[in-house]
Structure formats: C-alpha cells, structure tokens
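**Q** build me a structure from this.
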Amino acid sequence: MKSEIAKTEYFRLGQMTLLCLITLKNGYEILGAATKPMTTPDEEEEVRGIAYQRAIYRLIELESHPAAPTILAPTVGWTPAVTF
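**A** Predicted structure coming up:
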C-alpha cells in the first residue's frame with residue numbers, strides 16, 4: 001500500500017492542528033488530521049506521525065469496504081461515494 005503513495009504533504013492550521021495529505025499514484029487524495037499542542041519540534045514530529053497514521057487508516061477503511069472498487073487500482077472517471 002505504501003508503494004502506491006506518490007506524495008505526502010503536511011499543513012498546519014492554527015496553533016494545534018496539523019493535516020496530512022497523502023496523494024496516491026493514481027491521483028486519489030487521503031486526508032488525516034491531528035490536534036495537539038505543538039510547542040517543540042519533537043511534539044510537531046509526533047503530531048505529524050499521528051496525522052499520517054490517521055490518513056493511512058482512512059485509506060485502509062476505503063480499501064476494505066466491500067461495496068467500493070479498490071482505490072489503489074488505476075481508475076478512469078471514478079470517484080468514491082464516501083464522505084468523511
């Protein structure tokens with residue numbers, strides 16, 4: 001699954017929220033978020049890990065849903081009917 005990741009980006013919102021955007025090779029994007037005080041670089045690194053882990057969990061949830069086609073396979077014109 002990690003081999004399908006093309007790019008990982010992090011965005012800080014406010015003082016305590018960090019977003020992790022994982023873009024797959026097929027263009028699909030998965031978002032994970034974490035909120036925790038980040039006063040030191042070590043704390044920010046921990047929050048990055050939490051946000052990344054939550055994005056991966058969302059990817060696993062989408063992949064394990066039996067009614068949805070796999071998002072890791074290359075697709076043309078398909079958008080999932082899943083909302084977060």
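**Q** where in this protein is pLDDT low?
**A** 65-84 (pLDDT under 70).
**Q** how about the residue nearest the centre of it: what's its closest non-neighbour residue?
**A** Closest to where the C-alpha atoms of the chain average out (CA atoms, centre = their mean) is Ala55, at 2.8 Å. Excluding the flanking residues, the one nearest Ala55 by CB to CB, 6 or more residues apart in numbering is Gly32, at 3.0 Å. The C-beta positions use only the backbone N, C-alpha and C, and glycine is treated the same way.
**Q** I'd guessed that neighbour sits against Val47; true?
**A** No: with contact defined as CB atoms under 8 Å, Gly32 does not reach Val47; the gap is 10.7 Å.
**Q** next one: the one helix or strand the residue nearest to Ala55 maps to to chain centre, how far?
**A** Using DSSP states H and E, the element containing Gly32 is strand 29-35. Its chain's C-alpha centre lies 5 Å from the corresponding centre of strand 29-35 when counted by CA atoms, centre = their mean, to the nearest Å.
**Q** who does it pair up with?
**A** strand 17-24 (antiparallel) (DSSP bridges).
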